[in-house]
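In: Need coordinates for the below:
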Amino acid sequence: MTTYGTNPTLANDLAPKLEYITRANDHHNVRPGLATRRAWKQMLDLRSFNFPRKIATVITRIKANTVYFQTNYTIVVLFSVFLSLVWNPLSLLILLAIIGAWLFLYFLRDEPLTVFDREIDHRVVLIAMSVLTLSILFLTDAKLNIAVAVVAGVAVVLSHAAVRKTEDMYQNEDETSRLLP
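Out: Numbering: from 1, shown residues only. From the prediction side, this is the model:
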């Protein structure tokens, strides 16, 4: 075996780290939605906006944009909820704890959740976390603030999705893939 042009010690030190990065990028280890955040510059490019003339175009754009920008849109809605809770610190702390729980228990798990040596299916975790989130938020004094913030966030998202053209969405990815070896 030839090691021409390599540093065996460096290669041995990097192997476990590269394997960890490879595992982290694997479809089974990171939820696809978390991995698809798009560049804000691409999302907000003014040249990509125009008002559609047909309702069918609006529906097509909303479907395509919500899939393509799903993580960005989630961030927009969560930021809206965050802003609505700035003047209600207890509810804001509860929201931050819930987001932390979601990240720890659902989004950033490398392996399935195990409780008492039993593997918990990710769908069970999703349902349990959804019920817990809705229950806790229902018990806070900020129900109206949260509802208004979610409606406002969804309105912004739908407005953006309706006027954002879809023709150039994959253009940057194609250019990037051609530049990579």
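In: State the number of residues packed around residue 70.
Out: 17 (other CB atoms under 10 Å). The C-beta positions use only the backbone N, C-alpha and C, and glycine is treated the same way.
In: mind checking the longest helix of the protein?
Out: helix 143-163 (DSSP state H).
In: Any stretches of the protein with poor pLDDT?
Out: By pLDDT under 70, the low-scoring segments of the chain are 1-36, 170-181.
In: what about residue 121, how many neighbours?
Out: Residue 121, neighbours per other CB under 10 Å, totals 10.
In: Might you report the residue contacts of it?
Out: When contacts are counted by CB atoms under 8 Å, 6 or more residues apart in numbering, residue 121 touches residue 112.
In: Please report phi then psi for it.
Out: phi -60, psi 140 (degrees, to the nearest 10).
In: Give me the residues contacting the longest helix of the chain.
Out: 43, 49-52, 58, 61-62, 65-66, 69, 73, 76-81, 83-85, 88, 91, 137, 140.
In: those helices in this protein, which residues are they?
Out: Under DSSP H, the chain gives helices at 8-25, 40-43, 55-68, 70-84, 89-102, 122-139, 143-163, 171-179.
In: need the ones you listed in a markdown table with distance to residue 110, can you?
Out: Below are those laid out as a markdown table (distance: least, CB to CB, whole Å):
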| stretch | distance to residue 110 |
| --- | --- |
| helix 8-25 | 7 |
| helix 40-43 | 27 |
| helix 55-68 | 25 |
| helix 70-84 | 19 |
| helix 89-102 | 16 |
| helix 122-139 | 12 |
| helix 143-163 | 30 |
| helix 171-179 | 26 |
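In: Mean neighbour count, those helices: which tops it?
Out: Of all the helices of the chain, helix 70-84 carries the top mean neighbour count, a mean of 17, counting by mean count of other CB atoms under 10 Å.
In: just checking, what packs against it?
Out: Applying 3 or more CB pairs under 8 Å, 6 or more residues apart in numbering; DSSP states H and E, we find helix 70-84 packed against helix 89-102, helix 143-163.
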